[in-house]
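A.B. asks: Prediction below, plus the sequence it came from.
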Amino acid sequence: MKAINLMFDSLNRKMLQPYGCDWTKTPNFQRLAEQSVRFDNCYAGSLPCMPARREMHTGRYNFLHRSWGPIEPFDDSMPEILKNNGVYSHLISDHVHYWEDGGATYHNRYNSWEIVRGQEGDKWKCLPELMQPCDESQLQNKDGLYFQATQELQRHDLVNRQFINKEADTPLAKTVQGGVEFIEQNYCADNWFLQIECFDPHEPFAVPEQYQKLYADGQGGIKKDWPPYHHVTEGAEEATHFKNQYAALLSMCDSYLGKILDMFDKYNLWKDTMLIVNTDHGYLLGEHGWWSKIVMPCYDEIVHTPLFIHDPRFQKRGEVRAELVQTIDLPATVLEFFGIKPPKDMEGRPIRPIIEANQPIRDYVLFGIHGAHINISDGRYVYMKAPSEDNTPLYDYTLMPMHMRNLFTVNEMKAAKVVAGGRFEFTKGCPLWQVQKHSQKNDTEEREEAKYLDNNSLVNAANFGDKLFDLKENPNQESEINDIAIEVRMANMLQAAMKENDCPNEQFERIGIARDGYISAEMLMKEKVNNNQSDIIPVALAEQEWSKGAINTYKALLKFIPIENKDEAINTIVESALANSKDKCIDAAVILQTIAKVVPRAGSEMVQYFVELASRTS
């Protein structure tokens with residue numbers, strides 16, 4: 001038996017033909033759906049990239065205990081378990097995060113691996129312009145902290161693109177070609193697992209012209225392909241351009257999916273080879289007024305993901321399954337296929353019963369980003385539980401203190417504590433570092449440090465509050481529902497799920513629910529009253545009607561103002577608000593106008609970015 005996992009990064013399922021999209025060109029995804037089982041209720045677990053990959057190794061949720069980081073010494077890794085049981089495992093990928101500090105232990109879990117260079121600012125090639133002062137006119141997204149954080153990436157990306165002169169040079173083409181070569185060389189052998197992992201269609205949406213022509217949007221001089229991690233502020237034409245660039249890259253991914261399907265046809269791998277095609281998470285392309293991921297709630301487009309599985313034992317073709325499945329179920333699915341019993345700490349479950357006989361394997365899916373909402377769905381309702389205003393207490397539990405592109409800082413480790421082995425069952429008795437996360441009370445200097453750490457430091461999920469959606473009545477999550485009976489049921493389901501997955505006790509405190517005992521309607525209503533921040537409004541503006549976005553904006557802005565300047569700044573904000581509010585109504589825009597008046601110019605771009613993010617409540 002053999003198995004191939006072809007994975008794309010940041011697939012928005014609603015942009016694929018098999019999931020009902022009628023304007024993108026993805027014929028090979030449709031071809032795949034006709035040869036496999038399509039799952040209509042697959043969900044991501046931990047976001048974004050490396051947290052998802054840890055789940056695909058361990059079959060456990062990552063986001064309850066830790067943010068971005070490597071495989072831990074106590075982790076059970078599916079590719080390594082295969083390797084130790086006589087099944088050869090091979091990885092080929094252009095996913096640049098594997099080769100950074102925060103992902104550096106994943107690839108060596110396989111018997112062998114190949115790296116393809118050049119994606120998203122990969123520090124690959126060098127030309128003289130990298131040794132000169134930055135020419136910002138050549139870069140995209142020139143405003144705010146996101147631009148500051150991506151300057152170096154964008155500069156390297158521009159250099160790398162000069163070495164990619166034809167389609168065959170693109171990392172996507174090289175990655176899939178490596179997979180094709182592995183199949184050509186080993187299709188006659190038995191007992192192997194091949195993971196072909198493509199970074200595309202993750203941003204930037206750099207794509208050869210032939211695919212761009214499929215979606216000509218008539219934008220003339222617009223040549224942008226790197227949306228910001230921010231809400232949509234672009235005009236209609238530029239926004240359409242971004243969406244078409246994603247669609248073009250998606251069609252290129254579809255073309256290379258076709259090359260793997262061709263291998264299945266050529267060597268009739270359908271008879272003895274499992275094929276899994278999946279993604280780590282989705283991507284927002286203007287839905288809910290947002291670009292990308294991680295700085296907003298985990299909406300359906302981000303966590304409700306595409307999944308296709310061909311299992312040669314059952315030869316189910318063109319069938320659809322509605323049962324809930326999740327990323328953490330994939331490792332157990334692969335191990336079961338090879339006749340290997342999953343380890344006891346693997347919480348995910350083999351998907352075989354769903355494929356074979358439509359038998360459900362789970363009652364809920366849990367998902368989120370470390371330090372943001374903790375979310376749960378039963379397939380119909382989605383409940384998003386927000387943290388407290390200061391987002392504490394919150395810790396990373398790890399033996400591998402690494403962020404995305406750097407080690408934990410000296411200041412973080414100075415404050416870290418060692419917790420005894422046995423704190424969590426899945427750590428196999430190992431002691432852990434307990435590292436406090438940055439709170440939302442950070443001043444400007446701490447924010448400057450935080451921006452180089454985890455991307456979940458960018459925004460406080462408390463700004464959005466708790467959310468409850470009915471996917472049956474409102475599948476696009478365009479409006480929330482207010483039904484305390486349903487919220488009580490979902491809150492108790494969330495409590496049970498967190499306990500079932502060995503969640504740290506302080507996470508219950510952080511999101512304001514009891515760890516033990518029944519959560520009543522009265523308890524939830526009391527918590528909502530305690531989270532009402534209207535008392536922060538200056539007395540001089542108490543008679544004005546404030547939107548929730550205005551309150552969030554005001555709170556965020558105050559965090560960047562030194563204590564000694566706060567009274568003067570508040571007076572300035574009051575004067576400006578009185579002068580600019582209409583009909584005694586204060587919205588976020590009124591507060592945003594005051595940033596230049598109360599923040600030193602040197603830090604205004606960073607403040608503008610954070611405060612604008614804070615203004616959003618949906």
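C.D. replies: Nice, I can see it.
A.B. asks: Pretty sure Ile164 sits against Arg117.
C.D. replies: No: with contact defined as C-beta atoms under 8 Å, Ile164 and Arg117 do not form a contacting pair (10.2 Å). No exception for glycine: its C-beta is placed from N, CA and C like everyone else's.
A.B. asks: Overlap of the contact sets of these two?
C.D. replies: Common neighbours of Ile164 and Arg117 (criterion: C-beta atoms under 8 Å, 6 or more residues apart in numbering): Pro171.
A.B. asks: what lines up beside the host helix or strand of Ile309 in the sheet?
C.D. replies: Using DSSP states H and E, the element containing Ile309 is strand 304-310. According to DSSP bridges, strand 304-310 has the following sheet partners: strand 37-43 (antiparallel), strand 273-279 (antiparallel).
A.B. asks: Dump that strand to PDB, restricted to CA.
C.D. replies: Taking Å, rounded to 0.1, in the frame of the first residue of the first chain, the C-alpha atoms of strand 304-310 are listed here in PDB:
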ATOM      1  CA  HIS A 304     -14.100  25.400   6.800                       C
ATOM      2  CA  THR A 305     -11.700  23.800   4.400                       C
ATOM      3  CA  PRO A 306     -11.700  21.500   1.300                       C
ATOM      4  CA  LEU A 307     -10.800  17.900   1.700                       C
ATOM      5  CA  PHE A 308     -10.700  15.000  -0.900                       C
ATOM      6  CA  ILE A 309      -9.700  11.400  -0.100                       C
ATOM      7  CA  HIS A 310      -9.400   8.500  -2.400                       C
END
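A.B. asks: after that strand, next one along is what?
C.D. replies: strand 319-321.
A.B. asks: Pull the residues that contact the next helix or strand after that following strand.
C.D. replies: Downstream of strand 319-321, the first helix or strand assigned by DSSP H and E is strand 325-326. Strand 325-326 is contacted from outside by 39, 41-45, 307, 348, 351, 354, 361-362, 365-367, using C-beta under 8 Å, 6+ apart.
A.B. asks: those strands in the stretch 301-450 of the chain, which residues are they?
C.D. replies: Applying DSSP state E, counting those that start in this stretch to the stretch 301-450 of the chain gives strands spanning 304-310, 319-321, 325-326, 365-369, 374-377, 381-385, 395-398, 417-419, 432-436.
A.B. asks: what's the spacing between the first one and its chain's center?
C.D. replies: In terms of C-alpha atoms, centre = their mean, to the nearest Å, the centre of strand 304-310 is set 17 Å apart from its chain centre.
A.B. asks: Then the last one?
C.D. replies: When C-alpha coordinates are averaged (C-alpha atoms, centre = their mean), strand 432-436 and its chain have centres 23 Å apart.
A.B. asks: repeat for the fourth one
C.D. replies: Using C-alpha atoms, centre = their mean, the mean C-alpha position of strand 365-369 is found 10 Å from that of the whole chain.
A.B. asks: List the strands paired with it, with their directions.
C.D. replies: Applying DSSP bridges, strand 365-369 is found paired with strand 46-47 (parallel), strand 374-377 (antiparallel).
A.B. asks: Ok, the last one next?
C.D. replies: For strand 432-436, the paired strands and their directions (DSSP bridges) read strand 395-398 (antiparallel), strand 417-419 (antiparallel).
A.B. asks: Pick the most deeply packed of the ones you listed.
C.D. replies: Counting by mean count of other C-beta atoms under 10 Å, strand 395-398 has the highest mean neighbour count of the strands paired with strand 432-436, with a mean of 21.
A.B. asks: Now do that one: everything it contacts.
C.D. replies: Here strand 395-398 makes contact (C-beta under 8 Å, 6+ apart) with 65-67, 69, 72, 370, 419, 423-424, 432-437, 504, 506.
A.B. asks: Is Phe408 in contact with Lys414, as I believe?
C.D. replies: No: in this structure Phe408 lies outside contact range of Lys414 using C-beta under 8 Å: 10.1 Å.
A.B. asks: Looking at the two, which is more packed in?
C.D. replies: Phe408 (19 against 7; other C-beta atoms under 10 Å).
A.B. asks: residues contacting the more buried one?
C.D. replies: 401-402, 416, 435.
A.B. asks: tell me, how many neighbours does the residue nearest to Lys566 when sequence neighbours are not counted end up with?
C.D. replies: Leaving aside its chain neighbours, Lys566 sits nearest to Leu558 (6.8 Å; criterion: C-beta to C-beta, 6 or more residues apart in numbering). Residues lying near Leu558 (other C-beta under 10 Å) number 15.
A.B. asks: Kindly report the same for Gly235.
C.D. replies: As a burial measure, Gly235 scores 9 neighbours (other C-beta under 10 Å).
A.B. asks: so how far is Gly286 from it?
C.D. replies: Distance, Gly235 to Gly286, using C-beta to C-beta, to the nearest Å: 12 Å.
A.B. asks: what does Gln177 give?
C.D. replies: 33 Å.
A.B. asks: Please tell me I have it right and the residue nearest to Lys566 contacts Asn565.
C.D. replies: No: here Leu558 does not reach Asn565: they are 10.5 Å apart, not a contact under C-beta under 8 Å.
A.B. asks: Quick check: Gln162 touching Lys125?
C.D. replies: Yes: in this structure, Gln162 is within contact of Lys125 by C-beta under 8 Å, at 7.5 Å.
A.B. asks: which of the two has more neighbours?
C.D. replies: Counted by other C-beta under 10 Å, Gln162 and Lys125 do not tie: Lys125 has more neighbours, with 15 against 10.
A.B. asks: For the more buried one, which three-state class applies?
C.D. replies: For Lys125, the secondary-structure state derived from DSSP: H, G, I helix; E, B strand; the rest coil is coil.
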